[in-house]
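> missing the sequence, but the structure's below:
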């Protein structure tokens with residue numbers, strides 16, 4: 001029986017207040033409006049960004065809210081004006097978008113859509129300023145326009161990547177955020193040449209994806225920098241060849257790396273959000289040709305300080321957002337690369353270290369908060 005045009009009642013994990021366990025509730029999900037689609041979520045995973053906003057640290061809290069933004073699912077129905085998606089399509093919802101019409105979308109150099117770029121404060125849909133979720137008439141706020149911790153969700157069509165239906169959603173869903181962010185930062189922005197050296201700051205899921213990008217690019221040395229030595233063994237699976245723990249040295253880590261590499265690495269990718277790590281990542285690249293890429297999101301009031309001489313000596317500093325991938329144009333191509341074996345699906349599976357049923361979603365938070373594993377897949381129990 002078709003549910004198009006009707007309110008759907010389903011289960012969702014609702015964050016009622018900061019830092020408190022999510023509660024599985026029956027929610028009402030309204031039909032998609034103009035330019036929107038309603039998705040049946042099959043798999044979702046937990047990202048540090050979800051935890052950050054669940055803890056409500058450093059930003060205005062917005063509750064009750066349905067978190068979640070890394071996921072895979074199927075289109076259930078489409079709203080007015082949506083022509084490039086239809087019910088049954090396999091898709092990845094993405095926390096940022098591609099309207100196709102703004103100057104950023106028309107530029108080959110940018111993926112920062114004017115209409116749909118990430119907005120962490122917005123808790124409603126942009127079409128009418130209302131939510132599509134409610135419980136007994138009470139609105140429940142959206143998160144990043146995706147809210148994938150629900151069996152059904154409503155998303156702007158510009159935030160949906162239509163992918164090969166043969167792709168395994170339980171594995172490929174992690175490409176909708178962190179893995180693409182790290183991998184793309186290396187292959188699309190840092191662009192190491194074969195035989196060059198790359199330093200990766202932060203060996204969480206995003207950092208290991210950046211390391212995988214360096215490995216695929218043919219880097220000869222991939223140096224992992226992290227304060228947690230327990231991450232070093234896991235990082236070897238992703239091509240990291242050497243490890244540095246800043247705690248082991250009484251001098252700046254950029255100096256340590258410069259001494260290890262005869263003047264500095266060729267490329268560095270920073271994946272921590274620590275402004276000190278960002279400065280170190282820039283100052284550890286070789287003069288003349290070194291490129292540093294910032295991926296991590298810093299606290300809003302911090303300032304990046306370095307000598308202008310570092311730039312005059314021909315070091316380059318770049319930033320990136322979602323690995324410079326355009327969600328609708330590029331992510332389907334990345335999925336196809338895995339399906340065509342240009343990229344190794346088994347290596348993508350290594351990022352998934354845990355899985356839990358949706359009813360036990362709070363376990364995923366426990367795993368992340370205790371530093372266990374990389375990605376926890378949460379499978380829906382439709």
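Arrived safely, thanks for sending. Since the model is a prediction, treat every value here as computed from it, not as a measurement. Numbering: from 1, shown residues only.

> measure stretch 242-261 end to end?
Stretch 242-261 has its terminal residues 11 Å apart, counting by CA to CA, to the nearest Å.

> contacts for that stretch, please.
197, 199, 221-227, 229, 232, 235, 264-265, 279-281, 283-284, 286 (CB atoms under 8 Å, 6 or more residues apart in numbering). Bear in mind the C-beta positions are built from the backbone N, C-alpha and C, glycine included.

> kindly write the ChimeraX command that selects the buried subset of those.
Buried residues among these (16 or more other CB atoms under 10 Å), as a ChimeraX selection:
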select :197,199,221,222,223,224,225,226,232,235,264,265,279,280,281,283,284,286
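
> out of the contacts of stretch 242-261, which sit inside helices?
232, 235, 279-281, 283 (DSSP state H).

> in JSON lines, list these along with pLDDT and distance to residue 134.
Output for the ones in helices among the contacts of stretch 242-261, formatted as JSON lines (pLDDT from 0 to 100; distance: CB to CB, whole Å):
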{"residue": "232", "pLDDT": "94", "distance to residue 134": "47"}
{"residue": "235", "pLDDT": "95", "distance to residue 134": "44"}
{"residue": "279", "pLDDT": "98", "distance to residue 134": "46"}
{"residue": "280", "pLDDT": "98", "distance to residue 134": "47"}
{"residue": "281", "pLDDT": "98", "distance to residue 134": "45"}
{"residue": "283", "pLDDT": "98", "distance to residue 134": "51"}
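
> how far away is residue 17 from residue 64?
8 Å (CB to CB, to the nearest Å).

> those two: who's more crowded?
Neighbour comparison, residue 17 and residue 64: the larger count goes to residue 64, with 18 against 11 (by other CB atoms under 10 Å).

> mind checking how far the more buried one is from residue 25?
9 Å.

> and stretch 363-371, which residues are buried?
363-365, 367-368.

> helices - which of the residues you listed land there?
Filtering the buried residues of stretch 363-371 for membership in helices, criterion DSSP H, returns 363-365, 367-368.

> farthest-apart pair in these, please.
363 and 368 (9.9 Å; CB to CB).

> between the two, what contacts are shared?
Residues touching both residue 363 and residue 368 (CB under 8 Å, 6+ apart): residue 376.

> could you pull out the helices for the stretch 1-150 of the chain?
Taking DSSP state H, counting those that start in this stretch, the helices of the stretch 1-150 of the chain run over residues 48-55, 103-106.

> pick the most deeply packed of the ones you listed.
Using mean count of other CB atoms under 10 Å, the stretch among the helices of the stretch 1-150 of the chain with the largest mean neighbour count is helix 48-55, at a mean of 19.

> list the contacts of it.
Contacts for helix 48-55 (CB under 8 Å, 6+ apart): 15, 18-19, 22, 58-59, 65, 67-69, 95, 120, 143-144, 149, 177-178, 204, 365, 368-369.

> any idea of the mean pLDDT in that helix?
Regarding helix 48-55, the rounded mean pLDDT is 92.

> and what of stretch 78-98?
Mean predicted confidence for stretch 78-98 is 98.

> end to end, how far does that stretch reach?
17 Å.

> list the buried residues for it?
78-79, 82, 85, 89-98.

> try stretch 7-26
Result for stretch 7-26 [16+ other CB under 10 Å]: buried residues 8, 10-15, 22, 25.

> for it, give me every contacting residue.
Contacts of stretch 7-26 (CB under 8 Å, 6+ apart): 27-31, 38, 54-56, 61, 63-68, 76, 133, 135, 140, 147, 149-152, 358-359, 361-362, 365.

> could you dump the buried residues of stretch 7-26 to CSV with distance to residue 110 and pLDDT?
Below are the buried residues of stretch 7-26 laid out as CSV (distance: CB to CB, whole Å; pLDDT from 0 to 100):
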residue, distance to residue 110, pLDDT
8, 36, 98
10, 36, 98
11, 38, 98
12, 34, 98
13, 34, 98
14, 35, 98
15, 32, 98
22, 35, 98
25, 39, 98
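
> dump the residues you listed to JSON lines, plus distance to residue 343.
Formatted as JSON lines, those follow (distance: CB to CB, whole Å):
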{"residue": "8", "distance to residue 343": "35"}
{"residue": "10", "distance to residue 343": "34"}
{"residue": "11", "distance to residue 343": "34"}
{"residue": "12", "distance to residue 343": "33"}
{"residue": "13", "distance to residue 343": "31"}
{"residue": "14", "distance to residue 343": "36"}
{"residue": "15", "distance to residue 343": "34"}
{"residue": "22", "distance to residue 343": "33"}
{"residue": "25", "distance to residue 343": "38"}
